[in-house]
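Peer 1: here are the coordinates; sequence isn't available:
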């Protein structure tokens, strides 16, 4: 391990105005709680400071000794407490000075009270703080550090701005200091570029959510296109307004951007992890980290990405009909990559260049990962840990390349990592910044880019270090000096391929020289990234001349680079329909574009955006018979397109559905369309469907499986009901047709079906699939006879088959009267053993909201009662005592893991994925592990929250929410198939505070068993 100890005995120059801001301090429950209910919640929260441990903070000098670092790197401590506290964002300015955002006010804004709080720690405040300088003064500050003698030590500092109240990002540019202080983006005037405000700030954006200050808007970065980019985390909402953009609403994570000249605000891409990072690579791609086990997401313009639908909300586009995952990872699945850079400087050894440096605050290390092209995205392949610390207080939260080519890491420095505990127990007096550099002599460059001539800035566009190229672009955007355009055009044309042409194109655009001539030249460039950016910049103008439109059409047909094709789709979405639809037509026909999963979705999203504004042109695309057999069309577009029209509804959209069906060149294509049509009409009033479409549906139903009586049955027509009830008991009738009719009876209100469904359910001569379908359909009817008869049938007709038994349990757990009828067989007649009933079903009984039923459940299953705080404390102490009283046996622990944990959790490739995979968790943090086993409800991992869905017919369904978009939800009850419900069928949806993991899991284990189990889990 190599470390260089700084000369900490230096006398530092402290300038600025600390008296204008508050000093960091912890906020008490009394100060922040706005009601007795909130106060009680905070006081009784049993977390022990989740993910804290018993380790004590150590000095910066001792912390340096704890690092294990790659042999060809050295680590230096460049800043530490008391000079900084809680650094959350670091960056360098045009003079090489280090800017640090100190997030001292976290987690609660000054001057507000918490009036409500949920188990995700999402808060409601009694008021919205006013922007600076009107609002109350907070403890956040933005400080500039300078190395005046270039010896590697920051001997001068000045507080640029103090008294801020929740601040997560800063950026310089356009003679302003841009500060992201949710719910606002403000800009302080800075006419002389010295980094100190010349006056009061102006509010440019307002409306970023404050529900979770762990996940607020963050990370201001200039894009090469001249927009300010930022991220938003997963558990906040936003309804953002600028001078020209009004009420831009989105829920949860994503990347957004703001143009300082046009005042336009927009969502760049939606979804992702708990997004707290923005990174641009040399090609201008946008990335962010992930709070799962992947490295992160490659965000493309206009994309929709994976999110937790229950916790984070739906996408803004209900017709997206799909989303994209993060970049695939080949490596260890450790949670989590908070942020990362793609190192594209030329200073460190070559093996680091062009690779991801990913920080992991949970496990206290920095990972090196290489990227390999995989279609239009990337595969991330882990190589090694280049920095790791045995100090659990090392919590890297930001990472940046510096102008010297070194890598700088901001260390939050706290044993606590999770925000789940609502109490402010954070360390407010610590914070460090480290520098990773190569071996040998290291010289800090001296410069001030604002003093360079235009020609000198042009030369910087060919610099070997990305930092200087990016900062030069910012200078061009600040100056807007058109006199430099000829020189930039010469640079652009003198590089037939390569990075410099791309940098020159960006500079031309930032300077105002993005002419039609340059645009067409860029679109013909040999470098695909130059072509891509020409297309992207066209899209940002929201228009195209005739010659550019013609070129875009040609490229859509002939382009072979996958990322360029994806950008053509993104740009088409932003252009008028008369320009966009011909581009989309080319993409649908382009052979290279057919199989790439990401490009398939981007092409669909482009087409979807024109389904109404360009309806005629869109439908005319399908006049060409040859297009129907293109894989992209057949596998991706057809079903989604007709579903889009059907789901939106209305005469024009229904007419479009008919037109598509009439255009289908074969039954195979018509069947694809019909599947999408049925999905789009799910939950729709069948009487709303116009006669001509209804007739067409009836024709296709008899042809493709649902049966000719499906639509009349949905309309509850007497003849259809009679015919279908006559057909259902006929075991020789077509099984798929019968299943379709049974499903329809579960959607309409037809009590005459109940006796027939009950009969089939109990008859062994019918297939298991048909009997399960009948059980599911019966759940729709609120009749007590169903519960009584099924409780009786359970004993001899349902119990023997595992799948029938599961379906019966779900039926009993969906209505209180049915659950009561079933419990008679357990508590009164003793015909059913308690052990037969899964504990998750027992917990569902209690969610039905019937006090008598709950009392009976508690009598039968006392261990399912919520564990009291006293019981939890007692059990935690018992487990802690067991673990320090001896050693565990890993082999025996593995067997215990198989018995108690593997049915829900994967560890090192073994187990089932019902709950979160444990491989990537910090399993050596015993405090965290004990707490989450003893109290699984304290921190329910996102994606594993149970939701209680009450339908309008009174039925209750409990499960994991797997999708929430396009007028429907998908919910998966434990051990059952996914259920799709139209939103019109739903009365209420409520997240549950109880985890699917049972409490008292360790209650039956001896002290030695506990030692053995933990020995295996923490190995």
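Peer 2: Received the coordinates, thanks. Here the structure is a predicted model, which means the values were calculated and not measured. Residues are numbered from 1 along each chain as shown.
Peer 1: need the distance between the two termini of stretch 828-840.
Peer 2: 22 Å (CA to CA, to the nearest Å).
Peer 1: next, the buried residues of that stretch.
Peer 2: Residues of stretch 828-840 classed as buried: 832, 837-838, 840 (neighbour count, 16 or more other CB atoms under 10 Å). The way it works is simple: take the backbone N, C-alpha and C, and place the C-beta from them, glycine included.
Peer 1: and the helices in the stretch 751-900 of the chain?
Peer 2: 753-761, 768-778, 784-793, 802-812, 816-823, 839-846, 851-860, 869-884, 890-900 (DSSP state H, counting those that start in this stretch).
Peer 1: isn't residue 649 right next to residue 688, touching?
Peer 2: Yes: using CB atoms under 8 Å, residue 649 is in contact with residue 688, at 7.0 Å.
Peer 1: which of those two has more neighbours?
Peer 2: residue 649 (17 against 11; other CB atoms under 10 Å).
Peer 1: from residue 902, how far out is the residue nearest to residue 863 when sequence neighbours are not counted?
Peer 2: Excluding the flanking residues, the one nearest residue 863 by CB to CB, 6 or more residues apart in numbering is residue 1000, at 5.3 Å. Remark: distance between residue 1000 and residue 902 (CB to CB, to the nearest Å) = 18 Å.
Peer 1: again, but for residue 773
Peer 2: 31 Å.
Peer 1: what does residue 89 give?
Peer 2: 41 Å.
Peer 1: the two - which one has more neighbours?
Peer 2: Neighbour tally, residue 89 and residue 902, criterion other CB under 10 Å: the higher count belongs to residue 89, 26 against 15.
Peer 1: give me the helices and strands touching whichever strand or helix holds that one, please.
Peer 2: Using DSSP states H and E, residue 89 falls within strand 87-92. Packing contacts for strand 87-92, counted by 3 or more CB pairs under 8 Å, 6 or more residues apart in numbering; DSSP states H and E, involve strand 98-102, strand 169-173, strand 218-222, strand 396-401, strand 407-411, strand 432-438.
Peer 1: could you dump the ones you listed to TSV with mean pLDDT and distance to residue 910?
Peer 2: What follows is the helices and strands packed on strand 87-92, written out as TSV (pLDDT from 0 to 100; distance: least, CB to CB, whole Å):
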stretch	mean pLDDT	distance to residue 910
strand 98-102	98	43
strand 169-173	98	42
strand 218-222	97	37
strand 396-401	98	31
strand 407-411	98	35
strand 432-438	97	36
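Peer 1: could I get the ones you listed in TSV, plus columns for mean neighbour count?
Peer 2: As requested, those are exported to TSV (neighbours: other CB atoms under 10 Å):
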stretch	mean neighbour count
strand 98-102	25
strand 169-173	24
strand 218-222	23
strand 396-401	23
strand 407-411	26
strand 432-438	22
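Peer 1: nearest to residue 382, of those strands?
Peer 2: In terms of CB to CB, the element of the helices and strands packed on strand 87-92 nearest to residue 382 is strand 396-401, at 16.4 Å.
Peer 1: now that closest one against strand 98-102, angle please.
Peer 2: Using axes from the mean of the first three to the mean of the last three CA atoms, to 10 degrees, the direction of strand 396-401 lies 160 degrees away from that of strand 98-102.
Peer 1: strands paired with strand 396-401, and their directions?
Peer 2: strand 407-411 (antiparallel) (DSSP bridges).
Peer 1: which parts of whichever strand in the chain runs longest are buried?
Peer 2: Of all the segments of type strand in the chain, defined by DSSP state E, the longest one is strand 377-389. Buried residues in strand 377-389, counted by 16+ other CB under 10 Å: 377-378, 380-382, 385-389.
Peer 1: so for residue 317, which of the helices and strands packed on strand 87-92 sits nearest?
Peer 2: Evaluated with CB to CB, the helices and strands packed on strand 87-92 place strand 218-222 nearest to residue 317, the distance being 23.7 Å.
Peer 1: hmm, who's touching the closest one?
Peer 2: 88-89, 168-171, 173, 178, 180, 185, 228-233, 275-280, 470, 473-474, 477 (CB atoms under 8 Å, 6 or more residues apart in numbering).
Peer 1: next one: stretch 901-913
Peer 2: Stretch 901-913 is contacted by residues 897-898, 914-919, 996-997, 1017 when judged by CB under 8 Å, 6+ apart.
Peer 1: re earlier: now the helices and strands packed on strand 87-92 as a markdown table including distance to residue 891?
Peer 2: Listed next are those as a markdown table, based on distance: least, CB to CB, whole Å:
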| stretch | distance to residue 891 |
| --- | --- |
| strand 98-102 | 49 |
| strand 169-173 | 50 |
| strand 218-222 | 46 |
| strand 396-401 | 36 |
| strand 407-411 | 38 |
| strand 432-438 | 40 |
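Peer 1: ok, now which ones touch the closest residue to residue 434 other than its chain neighbours?
Peer 2: Of all residues not flanking residue 434 in the chain, residue 409 sits nearest, at 4.8 Å (CB to CB, 6+ apart). Residue 409 makes contact with 359, 366, 387, 396, 398-399, 433-436 under the criterion CB under 8 Å, 6+ apart.
Peer 1: show me what residue 409 bridges to in the sheet.
Peer 2: Residues in beta-bridge contact with residue 409 (DSSP bridges): residue 399, residue 434.
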